[in-house]
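In: Let's see this in three dimensions:
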Amino acid sequence: MTSTNALRLEYRDDHVAVLTFDQAGSRANTLGQAVLAEFEAVLAQLKERTDLHGLVLQSGKPGMFIAGADIKELGSARMDQPELVRALMERGLNIVAGFEALPFPTVAAIDGSCVGGGCEFALGFDARLAGTHPKFEIGLPEVKLGIIPGWGGTQRLPRLIGPSLAAEMICSGETAKAARALEIGIVFDVVPSERLLDEAVRLVKDLHRTGKWKEDRKRRSQPIGLTEDQALYTFAVAKGMILEKTKGQMPAPLAALDAIEKGCNRPLAEALQCETDAMVPLVGSTISRNLIALFFNQQRMQKDTGVADANVQPATVKRVGVLGAGIMGGGIASVHARKGIPVILLDSNPQALDKGIGNIAVGFKTLLDKGRMKPEEMVAALARVGNTTQLATFADCDVVVEAVVENEEVKTNLYKQLEPLLRPDAILASNTSTISITRMAKSLQRPERFAGMHFFNPVERMPLVEVIRGEKTNDVTTATLVALARQIGKSPIVVKDGPGFLVNRILFPYMDEALQLLLEGAEPRTIDKAAVAFGMPMGPITLYDVVGLDTALYAGRVMQAAFPERSRPSPLLVDLVAAGRLGQKSGTGFYRYPKGPKGEDDPKFGEFLTKHRRETRKIPTEEITERLFLPMLTEATHVLAEGLVRNPADIDMGLILGIGFPPQRGGILRWADSLGAKHVSSMLEKYRDKGACFVPSAQFKQLAASSEKLFPM
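Out: From the prediction side, this is the model:
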């Protein structure tokens, strides 16, 4: 037996070698430079063994095969070092090729996560067996980090499952579970985890006996052989799908497709060079660095307890109550039930309660129809949802989430009735998006057990939950709500109490500036197109209609009262609401909606706009873009200076998760970093006469003066 820090090589009596990858001191097996050196040493030993009948590669970590390349190493790479990047790629390629050239058959026994470089390693083996561990997944998600597979994935996967399927997987970055991997031919079979090694040994012996592995290796080293028509159709369709999804703003999927297209009709050795040529310009790019930073921030958030004291433990939540059966309340109840938490939905109006329960059932049925829920899972989830019209039913709930109308008096009156009925250790949380948690807590006898738990609409799809700490909210309450949010599959961010909390506070200046641009001559479509071109999922004018103009008007008044120097009331919005033009829900707003959620230009809106317009100049797209996002940035700098969040990265994550800020830009603060604080300051100077919303915090001004970055990297 040979053993190193991460690898253990055992020679069995039946002439089969078993290589176990078990990286010391790590929960995952990653392919950093030190580990690659160990693989090189093992390969040097194995290639001399002509007596072996085969090799099996397995992992020593349950639920984890190989997590891929060391992302920290990729994140530290720089674009001005292309030869170094090329050398890193070639090292991995040579190791995979080394396994591919061993003088005996090889089998990868995969029982858990096998992604990125780990998948590329496995593709260099003659066969792959999947175990039944629930964490099994296999795929090449590199495009989600702004890069492409660089150790042969863009060439070996198409030779295994065909270019069309491979392009779909690689360019989307999606992984496959065991059943799907078997269906499309990535793995030879799926076997019970406890028999995986035995079955892998049996398979490698069978390959040795038949000699079929030699023919398969020869075939995989040759061009795929698509005809010209096949290639044109395959890659035109794939490119169209990529552009539809990414709007051309993510270079990695297109680069991956280009590598597949250029390499599929060449011998493997030449094809791998096409991959490297496509990969090198992406490593260390701004987009890649932003997406890698996003990856690490997501990992940080998964571990964050929400409080500074590491000794604080969250309370166990076995039963949740939801007060209010409207769209938000029903959505909150639904996500808890789906994740296995019994929930009781309360509304004083029996008709509203019936409608809320009906909406939950319809939502589950939609998931069932899409294949995202099994029939037995749907039945179980529905069984977890109770309903009542009586507050006393919440007496045994660990957490109660209030989601009634956004009216402070209504909420606090309910709290006074509800609190005496709850256990002393129960937590009450409000789903408010605007009302002060600290102020509402004054109506309670136990303000330390009260906090905000702000979900975003639609609850089922939006990943962010803002956990709002009032002045008297204690650590256990905060940690419990953070843990609960994570338990139901959400990404929680802890925010201090304040107008608009985090996301809405930073979003408001963006929305406000869109109205100012309208009044100066910009057209609604032009503004929306500029925002979408920047990477937003929809423009601010469309967003007004989606949210509801009345809701936006009310929220705007809250922000105007809190920050009068940076806010400007809009008479246009007031007039539209007074006329009943509330957006999609009323059929007209800035646009009209005769056939569903897709807005059409409405000539009647022009009458309102003409009445309030101050100018009619044609505003350049560059100015529109800058004026939309610079106020968002300046507000973020004020949030940062006030310490509203515990980590600056939470601002970026909140906007990405809460409003779909383009992840390739890294968030509003990383966007500023990519431009440079000095350049941002000069951009802001151009619009100084437009108001205080273009004046950043003193902290940011100091940053610009020193040429430092918010996120040194």
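
In: what mean pLDDT does the helix or strand residue 630 falls within have?
Out: Counting by DSSP states H and E, the element that carries residue 630 is helix 621-642. Across helix 621-642, pLDDT averages out at 96.

In: Contacts made by whichever strand or helix holds residue 231 with the rest, please.
Out: Applying DSSP H and E as the criterion places residue 231 in helix 228-246. With Cβ atoms under 8 Å, 6 or more residues apart in numbering as the test, helix 228-246 has contacts from 163-164, 167-168, 171-172, 226, 253-254, 257, 260-261, 264-265. C-beta here means a position set from N, CA and C on the backbone, and glycine is covered the same way.

In: Stretch 420-428 too?
Out: Residues outside stretch 420-428 that contact it (Cβ under 8 Å, 6+ apart) are 315, 391-392, 394-400, 402, 415, 418-419, 444, 446, 449-451, 477, 480-481.

In: buried stuff in stretch 459-466?
Out: Using 16 or more other Cβ atoms under 10 Å as the test for burial, stretch 459-466 gives 459-460, 462, 464-466.

In: For residue 643, state which of the residues you listed is nearest.
Out: Of all the buried residues of stretch 459-466, residue 466 has the smallest distance to residue 643: 15.7 Å, by Cβ to Cβ.

In: would you say the closest one is within a strand?
Out: Yes: counting by DSSP: H, G, I helix; E, B strand; the rest coil, residue 466 is found in a strand.

In: Tell me the spatial nearest neighbour of it, not counting adjacent residues.
Out: Distances taken as Cβ to Cβ, 6 or more residues apart in numbering place residue 454 nearest to residue 466, at 4.0 Å, with adjacent residues excluded.

In: I'd assumed residue 497 was in contact with that neighbour.
Out: No: at 11.2 Å, residue 454 and residue 497 do not qualify as touching, with contact defined as Cβ atoms under 8 Å.

In: Compare neighbour counts for those two and give me the winner.
Out: The neighbour comparison of residue 454 against residue 497 (other Cβ atoms under 10 Å) goes to residue 454, with 26 against 20.

In: Does that one lie in a helix or a strand, and which?
Out: Taking DSSP H and E as the definition, one finds residue 454 inside strand 450-455.

In: Can you name every helix or strand that that strand contacts?
Out: Applying 3 or more Cβ pairs under 8 Å, 6 or more residues apart in numbering; DSSP states H and E, we find strand 450-455 packed against helix 327-338, strand 427-430, helix 437-441, strand 464-469, helix 475-487.

In: Let's see that with 10 Å instead.
Out: Applying 3 or more Cβ pairs under 10 Å, 6 or more residues apart in numbering; DSSP states H and E, we find strand 450-455 packed against helix 327-338, strand 399-402, strand 427-430, helix 437-441, strand 464-469, helix 475-487, strand 491-496.

In: where are the low-confidence patches of the chain?
Out: 1-4, 77-80, 712-713 (pLDDT under 70).

In: re earlier: and which of the buried residues of stretch 459-466 is nearest to residue 218?
Out: When those are compared against residue 218 (criterion: Cβ to Cβ), the nearest one is residue 460, at 49.8 Å.

In: SS state for the closest one?
Out: coil.

In: ok, the nearest residue to it once chain neighbours are set aside - how many residues close by?
Out: With Cβ to Cβ, 6+ apart as the criterion, residue 460 has its nearest non-adjacent residue at 5.7 Å, and that residue is residue 331. Residues lying near residue 331 (other Cβ under 10 Å) number 25.

In: can you check residue 642 too?
Out: By other Cβ under 10 Å, the residues close to residue 642 number 12.

In: Now do the contacts for it.
Out: Applying Cβ atoms under 10 Å, 6 or more residues apart in numbering to residue 642 gives the contacts 496, 498, 697, 699.

In: For it, give its distance to residue 668.
Out: Note on residue 642: its distance to residue 668, by Cβ to Cβ, to the nearest Å, is 16 Å.

In: do the same with residue 633
Out: Following Cβ to Cβ, the distance that separates residue 633 from residue 668 is 5 Å.

In: Check residue 41 too.
Out: 46 Å.

In: The two - which one has more neighbours?
Out: The residue with more neighbours, out of residue 41 and residue 668, is residue 668; 24 against 14, by other Cβ under 10 Å.

In: hang on, the earlier thing: pretty sure the residue nearest to residue 466 contacts residue 467?
Out: Yes: the pair residue 454 / residue 467 is scored as a contact, 7.9 Å apart, by Cβ atoms under 10 Å.

In: Now for these two: what residues contact both?
Out: In contact with both residue 454 and residue 467: 429, 492-493, 495, 501, using Cβ under 10 Å, 6+ apart.

In: dump the residue contacts of the residue nearest to residue 466.
Out: Counting by Cβ under 10 Å, 6+ apart, residue 454 has contacts 328, 429-434, 437, 464-468, 492-493, 495, 501-504, 658.

In: Are any of those buried, and if so which?
Out: By 16+ other Cβ under 10 Å, the contacts of residue 454 give 328, 429-434, 437, 464-468, 492-493, 495, 501-504, 658 as buried.

In: hey, where'd the helices end up in the stretch 101-250 of the chain?
Out: 117-123, 153-161, 163-172, 178-184, 196-210, 212-220, 228-246 (DSSP state H, counting those that start in this stretch).

In: One more: the stretch 501-650 of the chain?
Out: 503-519, 524-534, 540-547, 549-562, 571-578, 603-612, 621-642, 648-659.

In: Deepest-packed of the helices of the stretch 101-250 of the chain, please.
Out: helix 117-123 (a mean of 28; mean count of other Cβ atoms under 10 Å).

In: Report the distance from that one to the chain centre.
Out: 23 Å (Cα atoms, centre = their mean, to the nearest Å).

In: Correct me if wrong: residue 450 contacts residue 432.
Out: No: counting by Cβ under 10 Å, residue 450 stays clear of residue 432, with 11.4 Å between them.

In: Residue 625: neighbouring residues, count only.
Out: 15.

In: Kindly report the same for residue 558.
Out: Residue 558: 20 neighbours (other Cβ under 10 Å).

In: Okay, it and residue 344: tell me how far apart.
Out: 31 Å.

In: now swap in residue 488 and tell me
Out: Counting by Cβ to Cβ, the gap from residue 488 to residue 344 is 15 Å.

In: what about stretch 31-50, distance to the chain center?
Out: That offset, for stretch 31-50, works out to 35 Å (Cα atoms, centre = their mean).

In: Can we start the residue count at 12 from this point?
Out: Fine by me, first position is 12 from now on; the one you just mentioned is stretch 42-61.

In: Name the residues of that stretch that come out as buried.
Out: Buried residues in stretch 42-61 (16+ other Cβ under 10 Å): 42-43, 46-47, 49-50, 53-54, 57.
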